[in-house]
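*Asks:* Got a predicted structure here, sequence first:
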Amino acid sequence: MKGSMITPSVPSAIKRKIKLVGVSKIQAGASNFVVSYRMALGQERLIPDFIIIGAQRCGTTYLYGELTKHPRIAPALKKEVHFFDLHYERGVAWYRAHFPAWNGKRISARDFVTGEASPYYLFHPHVPKRVAKLVPNVKLIVLLRNPVDRAYSHYHHEVRRGFESLSFQDAIDREQERVVSETKRMVEDEDYCSFNHRRYSYLSRGIYVDQLKSWRNIFPKEQMLILRAEDFYHDPSSTIEQITSFLNLPTWKPEEGRQSGYPSYPKMDPAIRKYLIDYFEPQNQRLYGYLGVNLGWEK
């Protein structure tokens, strides 16, 4: 498999730059360099066999990390390519540059699969049709978490990154004024990217049924695997086994003793939690009816 991928080394000039601008910026710079290098080579590159499309704060990073340890899964250049949501204007060549290349002559069957994981895809209004246009046969993987816990995790994620200064109560109270008009503008203007839609959609992203319907209106049910995030964290091996079966890969178990749990946050105010449980209850019931399974998010 390693022979199927060409990953150029980072030039010494970029390595020296690490000491000047810090690791996070240089990682982005190095990644951009590699993408440009791959595009310049003009080699035929693969497109993904699978995409983890969401949901955000549901364990997609941990899942992708475990999956890419599988001997038959070749990872993308980075986990979150964000082509279909944030970088669509860069074109297909840019997207392909994130994936392995054919090594030498064309082969009729390869012994590995490749994919990416960009959790904003599930929620973005234009992504389903964009994915269908480029990779209509791609297999889609979805992790769903109790929307109450997902919203709280999302909020703390934005606070930690410096994008949120409101209290959790104020943030969810103001979500409508922050997000609704932005969503409308995105729907009307496909080229518009909304900061608020991505950052402050704490409750909106937890209404999973509408998001899943937008995907299933385009993709057949058989191409989408929907999993409960709580089950994954409780028993990663079983979830990985479901996914490898879905991807038609040999059964494989991740290394034991390396489980990663959810980040810890201050305990949510019980009154706010009760409010959110009541808020999501009818939406969860719609989801359970749509999927034909009760996901057990009653508390």
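*Replies:* Looks like it came in fine.
*Asks:* Now do the same contact list for the residue nearest to residue 82 when sequence neighbours are not counted.
*Replies:* Among residues not flanking residue 82 along the chain, residue 118 sits closest, at 4.9 Å (Cβ to Cβ, 6 or more residues apart in numbering). In short, each C-beta sits where N, CA and C put it, glycine included. By Cβ atoms under 8 Å, 6 or more residues apart in numbering, residue 118 lies in contact with 51, 52, 53, 79, 80, 81, 82, 83, 84, 85.
*Asks:* repeat that for 7 Å
*Replies:* 80, 81, 82, 85 (Cβ atoms under 7 Å, 6 or more residues apart in numbering).
*Asks:* any idea which element the nearest residue to the last one once chain neighbours are set aside lies in?
*Replies:* So that's residue 85. Leaving aside its sequence neighbours, residue 85 sits nearest to residue 124 (Cβ to Cβ, 6+ apart; 4.4 Å). Here residue 124 sits in a region with no helix or strand, counting by DSSP states H and E.
*Asks:* Report how many residues lie close to residue 124.
*Replies:* 24 (other Cβ atoms under 10 Å).
*Asks:* And for the one 3 residues further on?
*Replies:* For residue 127, the count of nearby residues is 22 (other Cβ under 10 Å).
*Asks:* quick one: it from residue 246, how far?
*Replies:* 20 Å (Cβ to Cβ, to the nearest Å).
*Asks:* Which one of the contacts of residue 118 is nearest to residue 170?
*Replies:* residue 85 (27.0 Å; Cβ to Cβ).
*Asks:* Now name the helix or strand holding the closest one.
*Replies:* Under the criterion DSSP H and E, no helix or strand holds residue 85.
*Asks:* before we move on, what about residue 271?
*Replies:* Using DSSP H and E, residue 271 falls in helix 270-291.
*Asks:* buried set for that helix?
*Replies:* 272, 276, 277, 279, 280, 283, 284, 287 (16 or more other Cβ atoms under 10 Å).
*Asks:* any idea which of the residues you listed is closest to residue 47?
*Replies:* residue 287 (30.2 Å).
*Asks:* in what helix or strand does the nearest residue to that closest one once chain neighbours are set aside lie?
*Replies:* Spatial nearest neighbour of residue 287, chain neighbours left out: residue 209 (4.2 Å); criterion: Cβ to Cβ, 6+ apart. Taking DSSP H and E as the criterion, residue 209 maps to helix 208-216.
*Asks:* returning to that earlier point: dump the contacts of residue 118 to a markdown table, plus distance to residue 99, pLDDT and secondary structure.
*Replies:* Shown next, in a markdown table, are the contacts of residue 118 (distance: Cβ to Cβ, whole Å; pLDDT from 0 to 100; DSSP: H, G, I helix; E, B strand; the rest coil):
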| residue | distance to residue 99 | pLDDT | secondary structure |
| --- | --- | --- | --- |
| 80 | 14 | 96 | coil |
| 81 | 9 | 97 | coil |
| 82 | 14 | 97 | coil |
| 85 | 17 | 98 | coil |
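*Asks:* what about the helices in the stretch 101-250 of the chain?
*Replies:* With helices called from DSSP state H, counting those that start in this stretch, the stretch 101-250 of the chain shows them at 127-134, 147-160, 168-173, 175-188, 195-199, 208-216, 229-234, 236-246.
*Asks:* now the second one: mean pLDDT?
*Replies:* Which is helix 147-160. For helix 147-160, the mean per-residue pLDDT is 98.
*Asks:* so that helix versus helix 175-188, what angle?
*Replies:* Counting by axes from the mean of the first three to the mean of the last three Cα atoms, to 10 degrees, helix 147-160 lies at 90 degrees to helix 175-188.
*Asks:* Just the C-alphas of helix 147-160, formatted as CSV.
*Replies:* Only the C-alpha atoms of helix 147-160 are listed here, as CSV (Å, rounded to 0.1, in the frame of the first residue of the first chain):
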residue,chain,number,x,y,z
PRO,A,147,-28.0,16.5,20.9
VAL,A,148,-28.0,17.9,24.4
ASP,A,149,-24.5,16.8,25.0
ARG,A,150,-23.4,17.6,21.4
ALA,A,151,-24.7,21.2,21.8
TYR,A,152,-22.8,21.7,25.1
SER,A,153,-19.6,20.3,23.6
HIS,A,154,-20.0,22.5,20.5
TYR,A,155,-20.4,25.5,22.8
HIS,A,156,-17.2,24.8,24.8
HIS,A,157,-15.3,24.0,21.5
GLU,A,158,-16.1,27.5,20.3
VAL,A,159,-15.2,29.1,23.6
ARG,A,160,-11.9,27.3,23.7
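*Asks:* list the buried ones in that helix?
*Replies:* In helix 147-160, the ones that count as buried by 16+ other Cβ under 10 Å are 147-159.
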